[in-house]
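>>> No sequence on hand, only this structure:
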């Protein structure tokens, strides 16, 4: 029996133990966004520290302005230096009465030929964190140590936008220094096909308020003569896209690169319904016939996220509002620069303001798009490991979403990030009755065992 | 000395008594829109009943589903039957700390050569009600009775939209039957020139919600392919007006009559700045150069009163909203029909919905425009009386506002309504430090004395 087979055998044999540990992990109400979640967060971080103490060295709970991070090391001191990132905080469980069983008491049910684990965090992201830890355990118990130099970093603020992470990365940049980073908080393409997310979009948020020259007025008296900021806002928003959904803002597409033809061919071969996971695109933009996958992963866009003006209450009111507000977000690809996009948008708005009106903008910073070099040896190693475990090559996919951490690590630490994981679209993450299943846990742990072996060149 | 001079002399001589009674009237916190206003409303209605008992017959406090009305009669049993409408409820006084003196303790100050009365309701509308009552008193004390058959009707729900009034008018239609009705709750053109409002706009409110085929989605994942209801709403709202503010909805202008050329000439001779009272029209619509007064009083229009969609909170959120809502109101003139306007708008929206989207409409009923026949003998009598008192002919003006009561009385009781009063634009109605002045009270009472005389043919 090879060393790898022995380790994988240990994973299978120890699966009940892995499930039991995951169940303990899931029992902590580590809700980061609620003030009364703090005790659950602290208890969960302490439990992680204690668990990692059996396997790792240099295990620490690191305080931040918000919730703590848990960091640990394991490894032989040779081989590549690899960072594994995950998060132990979870979304709130509300509405509680929509759960079939209590969200912080994992319930395992036989369903559809699977052993499903129901709990908040079962999928996002405690199962993801625990798959890595159990892979480490299997190496420890079987071989003694890892064939690489690993740093584990588990965050407690992911579900609140990781406010403490940039400062932490700056302060610990030497300790976090590595050859490659795994972001272990992502999804599969389907229940049978794994995936590595190699293209992430950039993100710019912007809040626009149109101020009329007057405050609120009686709309009967002045509606026909005074400028209505809702009308100005509607005309600005309506002008941003052409009839097919292309952005009309000057310079918006600067830095956008055509999707390479081989990649486009791969995307065109995909089943669009799997990417849409039940979402209807009836009436949606298509940029004159670009494929759905290319629009989702390869094209930039502008979204309208919110509106507020005047009467937002339940009754009728004859008010001509003094201002009107919209929230927008910009998803970037290629070399589009956040600051340039923001400036181009602001110029577009200013050029459409009637006399007397003023535009107020709120928003700063932003995240550029990140593409991981598909030809990187680490991507190849990860892909090979996943293919062996799942018997299908992983899809090198894109996402319309943004993980600022990826740009942060790429930009500040200069390392490639590999974004992968085993979440599925129907795991009900962020929703009641969130779930995972024991077989996916097993194959996830085995996937990480194989990735560790591949990273060490085996 | 003529009888009329004797009555006017009594008004002047009794002015301190009138001010004292108004001060008592203003002391009641008769705030109709707040639950804790009820005791003030009841006490105020009882006080009115007691005061009117000295002058009138058949004085009643009439309960409704909401706040009571006070009704009374006075008159000789000959001459025209005339209804006088006013309201004794007031707007809330908040924010209280913005008042220089307590809102329900009238403070009289010598300012700018005037004795100004500061209190909530000082202008809107207790001074208006009290001017009519004191005119009645002067006739009672001097002549003994009125030369007409008068019904007084004072409402306690005007500031909350008169919800009980339609049912009341239906139930008391015989008792309310009259030859002409005065709506004593209106404004002057300027501090020196009185006015009669003879053109009131109609009003239709509508709430429009665009529903996308999906609920809220992650805007990063689906923003480039799923329809965004904010974008659909923005395009609908932006299409409602052309660049100069004309409405583009098919059939909207049906029933709109050109402003008669003599009336237009009168309007064009007016000082626009007086009509705007400090409101800026920079960047506002002008329908290709129609005058400001004609736009305000003679043209229909569509106002946007409110917007709500997706993220209305303080932070950034990557949400593609499942729906987007706007509130609109339509101001009608001439023979535009509320139900036809509502239907035309709904068709306009439906024609602009992308596949998969659904429009939900909330709103019903509406008020048609009302124009009082400028050539009516009652208008002429009122105008003559006002001109004598103020030494300037009253402006027969329009308004962009709507008083549903006027259409209700015109439509259900078949009587002409004369809308007049002595409120000024800088009286701070509905605002802190609302005010009136003693000289205007005096001339208002005298105006009503002269109107009563004119109505009886003297």
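That came through fine. None of the values given here were measured: they were computed from a predicted structure.
>>> Make sure residue A:178 is indeed in a helix.
No: per DSSP: H, G, I helix; E, B strand; the rest coil, residue A:178 lies outside any helix segment and is coil.
>>> and it, what pLDDT?
With respect to pLDDT, residue A:178 scores 94.
>>> Run a quick neighbour tally on it.
21 (other C-beta atoms under 10 Å in any protein chain shown). All C-beta atoms are positioned from the backbone trio N, CA, C, and that covers glycine.
>>> Tell me who's in contact with it.
By C-beta atoms under 8 Å, 6 or more residues apart in numbering or on different chains, residue A:178 lies in contact with A:80, A:81, A:82, A:83, A:151, A:413, A:415.
>>> separation between residue A:274 and residue B:216?
Distance, residue A:274 to residue B:216, using C-beta to C-beta, to the nearest Å: 21 Å.
>>> what does residue A:244 give?
Separation of residue A:244 from residue B:216 (C-beta to C-beta): 24 Å.
>>> before we move on, what about residue A:371?
28 Å.
>>> again, but for residue A:208
Counting by C-beta to C-beta, the gap from residue A:208 to residue B:216 is 21 Å.
>>> These two - which one has more neighbours?
Using other C-beta under 10 Å as the criterion, residue A:208 and residue B:216 rank with residue A:208 on top: 20 against 14.
>>> for the more buried one, what are its contacts?
Counting by C-beta under 8 Å, 6+ apart, the residues that residue A:208 touches are A:233, A:236, A:325, A:326, A:327, A:328, A:349, A:359, A:360, A:361.
>>> Now do the helices in the stretch 51-200 of chain A.
Listed in chain order, the helices of the stretch 51-200 of chain A (DSSP state H, counting those that start in this stretch) span A:126-142, A:165-171, A:173-176.
>>> Quick one: low-confidence residue ranges for chain A.
A:458 (pLDDT under 70).
>>> what sits against the residue nearest the centre of it?
The residue lying closest to the centre of chain A (C-alpha atoms, centre = their mean) is residue A:403, at 4.9 Å. By C-beta under 8 Å, 6+ apart, residue A:403 lies in contact with A:183, A:185, A:200, A:419.
>>> Please convert those residues to a markdown table, extending it with neighbour count and distance to residue A:14.
Formatted as a markdown table, these follow (neighbours: other C-beta atoms under 10 Å in any protein chain shown; distance: C-beta to C-beta, whole Å):
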| residue | neighbour count | distance to residue A:14 |
| --- | --- | --- |
| A:183 | 21 | 26 |
| A:185 | 20 | 24 |
| A:200 | 32 | 34 |
| A:419 | 26 | 27 |
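>>> so which two of those residues are the farthest from each other?
For these, the maximum inter-member distance is 12.3 Å, found between A:185 and A:200 (C-beta to C-beta).
>>> what domains does the record give for chain A?
A:3-200+A:370-455, A:202-256+A:300-362 (automatic domain parsing).
>>> For whichever helix or strand residue A:360 is part of, name the packing helices and strands.
Element membership for residue A:360, per DSSP states H and E: strand A:358-362. Strand A:358-362 is packed against strand A:202-211, helix A:338-350, with contacts defined by 3 or more C-beta pairs under 8 Å, 6 or more residues apart in numbering or on different chains; DSSP states H and E.
>>> Now that strand: buried residues?
For strand A:358-362, the buried set under the neighbour-count rule, 16 or more other C-beta atoms under 10 Å in any protein chain shown, comprises residue A:359.
>>> Just give me how far the very next helix or strand once past that strand sits from the chain centre.
Scanning forward in sequence from strand A:358-362 by DSSP H and E, the next helix or strand is strand A:370-371. On the basis of C-alpha atoms, centre = their mean, to the nearest Å, strand A:370-371 sits 14 Å off its chain's mean C-alpha point.
>>> Contacts made by strand A:370-371 with the rest, please.
Contacts for strand A:370-371 (C-beta under 8 Å, 6+ apart): A:198, A:199, A:200, A:202, A:334, A:406, A:407, A:410, A:417.
>>> Closest one to chain B out of those residues, please.
Distance from chain B was checked for each of the contacts of strand A:370-371 by C-beta to the nearest C-beta. The minimum falls on residue A:200, at 9.3 Å.
>>> and the two most separated of the contacts of strand A:370-371?
Farthest apart among the contacts of strand A:370-371 by C-beta to C-beta are A:334 and A:417. That separation is 17.3 Å.
>>> Could you check which of these two is surrounded by more residues?
residue A:417 (25 against 20).
>>> That one reaches residue A:411, doesn't it?
No: counting by C-beta atoms under 8 Å, residue A:417 stays clear of residue A:411, with 10.6 Å between them.
>>> Show me which residues of the stretch 351-458 of chain A are close to chain B?
Within the stretch 351-458 of chain A, the positions near chain B by C-beta under 8 Å from any C-beta of the partner chain are A:353, A:354, A:355, A:356, A:357, A:363, A:399, A:400, A:401, A:402.
>>> got TSV for the residues you listed, with secondary structure, distance to residue A:113 and neighbour count too?
What follows is those, written out as TSV (DSSP: H, G, I helix; E, B strand; the rest coil; distance: C-beta to C-beta, whole Å; neighbours: other C-beta atoms under 10 Å in any protein chain shown):
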residue	secondary structure	distance to residue A:113	neighbour count
A:353	coil	61	17
A:354	coil	64	18
A:355	coil	68	11
A:356	coil	67	16
A:357	coil	62	20
A:363	coil	48	19
A:399	strand	29	21
A:400	coil	32	27
A:401	coil	31	20
A:402	coil	36	23
